[in-house]
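Colleague: just to be clear, the model below is a prediction. Sequence and coordinates:
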Amino acid sequence: MFEFLNQPEVIKIIVTIGSMALFFVGLFGLLTRKHIIKIFMSIAIMESSLFLFFIGLTFNTNFIAPILDNTHVNISNMNDPIPHAMILTAIVIGMAVLALGVSFAIEYYKLTGKTNIDEMNEMKH
Amino acid sequence: MSSILFVALPLLFGFATPILSKFGKDGVAYTSMLMQVFLLYLAFDLLSSADFHVEIISIAPPLGISFVLNKASLFLVALFTFLITLFSLYYLSHRKTDAYENETKFFILSNMLLASSIGLVLSSDIFNIYVFFEIAGISTYILSAYKKTPSALEAGLKYLLTGAVASIFLVFAVALIYINVGSLNLAVISQSFEALPYNIKVLISILLLIGFGFKVEIFPLNFWVTDVYQGSSALVNALFSGIIVKAYLFVFFHILYLFLPSGEFSVFLVYLGAVSMLVAEIAGLKQTNLKRLFAYSSLGQVALVFTAFAMQNKEGIQAALFIVLAHSIAKFIIFFALTSIEKEHKSIHIETLKELNSPFLRAIMLIAMFSLLGIPLFAGFVGKFLALKSFAVEGMFVIMMIIVIGSLIESVYYFKLAGYMFIKGKKREVLNIGSMQKVVFVLLAFLLIFIGIAPFIVSNFLGDSANILLDAKSYSDMMGGV
Amino acid sequence: MIGFIILVTFIGIVIVAFSAVIQKKLADSVILLMGVGLGSVVLFFIFKAPDVALTEAVIGSGISSLIFLMALKHLDEKV
Amino acid sequence: MSLKRDLPTSTMSGFALSGILVLTLLNILLQNMPNSIQTAGNELLKLNANEGVANAVTAVVVYFRGFDTLGEIAVLFIASLGLGLMLNSNTKCDIKAESNFMLQTASRLLFPIILLFGIYVMIYGHLSPGGGFQGGVIIASAVLLLLISHKEFEVPHAVIIALETFAGVSYVLIGLVGLLVLDTFLGNFLPHDISQMGLLLSGGIIPLIYIIVGIKVGSEMSMIAQNLIKRSNDV
């Protein structure tokens, strides 16, 4: 009964809908949550949804992972390694920026005791 | 010497700081100053020898990453290196009294900012542009939160949040481009971008506009700019408005000209730029904090450059590049002066300008303000004149009118400030400026006047770079006829 | 079979992510975020991207959760 | 959790706004599903055949797009520098939970195993999935285990800074040597012929760079972990 799910087009549709739903959750969290750590979490969710969307749309079900073992399997049925390289770099960059943002939030909390993004207005007065 | 050194050397010095700091307390400061002077020599050597070529990194273009050296990008590389060298020169003399406590990090960050803005300008690979987008972003976040006061930390936090959201939209655009085009090289994408379905083209353009819009400070997306300027120190504001915004502006329009040579969305962008200039100028009227006031003036000028770039014709781009040159130099003078005022008088309220007791600084600030205003005989005038001419040539009189109104509003608060300069009233104690700082101020002011009086030496060079930017065909031929 | 697993994992990830966002206690939402990381590791593995799956496992759900939990400790949140 | 009381109007409007945005996004994407096209990846796979590296993703990350990885290492370096700058205020607040005996012996047992696994993932990066980033972070998680369980354990500051500096400087120097020898930055100047595809020393500078990346990522992540956990007072 679930055979029709295995066709590549159906998988691409499932991946698009699923990752856009995750993007929606992240965007919703970004727009409505007030706590600074929650906002960083929503950004992390948005990022991982994009990575799933990107790899999900560029992979071919009946190709193998881009790792040649020493039997020199022919290169024609291998998945495209460039998206993997890009996502690998983007995950590490996303984590580095989040770590820095969290350290700003910690230092700001130590000085002012605020974690709610709406209360953060040192400049208004 | 290859142009990769612009990125490799700052990274090398950044990674090697623990070794450099073994050579005495000023080891890092003087070595990084030396390196910046060498990069300046390299930039002018490349510019004068005019060997415009593609610099290959690890493998040849369409597959590999490469730096494209042409007139437009080398002009910006030379401008950025020149400004960063003056920035370090000013900081070296400024720090005698007000050094940052861990100063080596300050030098690493300003070097990384230089490397990433040059990488943004030269790179020919869209994911590589994203990586430099992040390096530039992350070093500006730390620079803005450097003083660790509550307002500086809030500025850094807001800057980081908008930067993270901007990079999400940029990754989405890069992902969509790779899924539909199959390559990351700008030349290959620009050739097959026309053939994409219309919806996808619109979606990718919108995502790129939002992604770069935050950083290019366009109207709906520049809510965070004035808080960041007010929170961070005036010295770092010079870097923000002088170097990093110009790099993002150049990359956004470089990509736009390559992807949409026919200029489908240029009318919308022109109106967006004009509106954001008007809004920025109006908002700037009632400001009393000097840093916030000059932040709004930067927003206005950057929006004018955005409008001129969005015209997508030779005159528009020539005017935009001219304003980039004039605005960066003038803003460096203004923010350096604000740093000295802030250090001495501890307050940057508008009234402190009345009591400023340094005729030298008042004269220099007057020159910078006249140039920003567009008074003839100063560099700013030539830029604004060329911009207005390009709007008139295209027959966009509504835009011309909006820009003229914006400039009038801007002149209201600039004349108010200039008036404060001549008021005789109570003066504070004399503000003494270091000799090295005086050299930097005089050099920048001389440049403003010299370019203002003799614009022809620069304008035909900028005219050729405008043509090169518009010509997507020659870009892909340079990339090896991809 | 692959399509079915992808569908179920995606549904699971979206539900866990939504509950992580609207959760009141922050420590629980960090743990739910680890669940999202785990789900995306499974998906990357199905998408035949072992390198990305390993990176997502180690960095996406490993070190990021450390960073968030340590942040909660410094922000004196009721863990 | 009664939905009515807990979701004020601002949340509902946020929900509706992001819902509309994503739905328009979704129908644009669903209408233009990309058919599989000839991507640059296939040519890179053919090119990789003569680079002698089994893991094609590692070849792309380190060699074909090595400049991205250098940029990415710079991002991580600046992030750990920023973290050290931000979090070194002297208010030391260590973990209040007293770590009992069992945790300490277990972590002392586990530390070498995780460390070994991290080093394996790092060194075999060009043969099996894994590599510099993953291996480095696994090593950092081993260090993290000790940081949590032993209160008095401090990451050996001088060793970490020396490792980090050595790794960063040698990465850029390898790039510059490639520039001198092959006139292309990060060029593969070491011999890397096809015959030793599966062997450890295949692939020229690729495994070398990935090990250097692993050392740098490992030392930086342990500095970040230390700053977050112990908020030590200097970096």
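Modeller: Here it is on my side, so go on.

Colleague: report how many residues lie close to D:F166.
Modeller: Other residues near D:F166 number 18, with proximity taken as other CB atoms under 10 Å in any protein chain shown. From N, CA and C alone the C-beta is placed, and that goes for glycine too.

Colleague: thought it was touching D:I215?
Modeller: Yes: the pair D:F166 and D:I215 qualifies as a contact (CB atoms under 8 Å) at a distance of 7.5 Å.

Colleague: now the strands for the chain?
Modeller: Using chain A here. For chain A, strands defined by DSSP state E do not occur.

Colleague: so where is it shaky, pLDDT-wise?
Modeller: For chain A, the stretches with pLDDT under 70 are A:1, A:69-75, A:124-125.

Colleague: close to chain B: what parts of it are there?
Modeller: Where chain A comes near chain B, counting by CB under 8 Å from any CB of the partner chain, the residues are A:30, A:36, A:39, A:43, A:46-47, A:50, A:53-54, A:57-58, A:82-83, A:86, A:89-90, A:93, A:96-98, A:100-101, A:104-105, A:107-108, A:111-112, A:120-123.

Colleague: other SSEs contacting the helix or strand D:I211 falls within?
Modeller: Taking DSSP states H and E as the criterion, D:I211 maps to helix D:205-230. If you count contacts as 3 or more CB pairs under 8 Å, 6 or more residues apart in numbering or on different chains; DSSP states H and E, helix D:205-230 packs onto helix A:81-112, helix C:64-74, helix D:66-86, helix D:101-123, helix D:132-149, helix D:157-182.

Colleague: switch the cut-off to 10 Å
Modeller: Applying 3 or more CB pairs under 10 Å, 6 or more residues apart in numbering or on different chains; DSSP states H and E, one finds that helix D:205-230 contacts helix A:81-112, helix C:64-74, helix D:56-58, helix D:66-86, helix D:101-123, helix D:132-149, helix D:157-182.

Colleague: got the ones you listed as a markdown table, with distance to B:E281 columns?
Modeller: What follows is the helices and strands packed on helix D:205-230, written out as a markdown table (distance: least, CB to CB, whole Å):
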| stretch | distance to B:E281 |
| --- | --- |
| helix A:81-112 | 31 |
| helix C:64-74 | 40 |
| helix D:56-58 | 51 |
| helix D:66-86 | 34 |
| helix D:101-123 | 55 |
| helix D:132-149 | 47 |
| helix D:157-182 | 45 |
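
Colleague: in contact with whichever residue of chain C sits closest to chain B: list those residues for me.
Modeller: Nearest to chain B, among the residues of chain C, is C:A71, at 12.7 Å (CB to the nearest CB). Each residue near C:A71 by CB atoms under 10 Å, 6 or more residues apart in numbering or on different chains is listed here: A:36-37, A:40, A:98-99, A:101-103, A:105-106, A:109, A:115, C:26, C:30, C:77, D:228.

Colleague: what's the burial count for the residue nearest to it when sequence neighbours are not counted?
Modeller: Distance criterion CB to CB, 6 or more residues apart in numbering or on different chains; nearest residue to C:A71, sequence neighbours excluded, is A:V102 at 4.4 Å. By other CB under 10 Å, the residues close to A:V102 number 26.

Colleague: check the residues of chain A next to chain B against chain D, which are close?
Modeller: A:30, A:53, A:57-58, A:82-83, A:86, A:89-90, A:93, A:96-98, A:100-101, A:104-105, A:107-108, A:111 (CB under 10 Å from any CB of the partner chain).

Colleague: any of those buried? List them.
Modeller: Buried by 16 or more other CB atoms under 10 Å in any protein chain shown: A:30, A:53, A:57-58, A:82-83, A:86, A:89-90, A:93, A:96-98, A:100-101, A:104-105, A:107-108, A:111, out of these.
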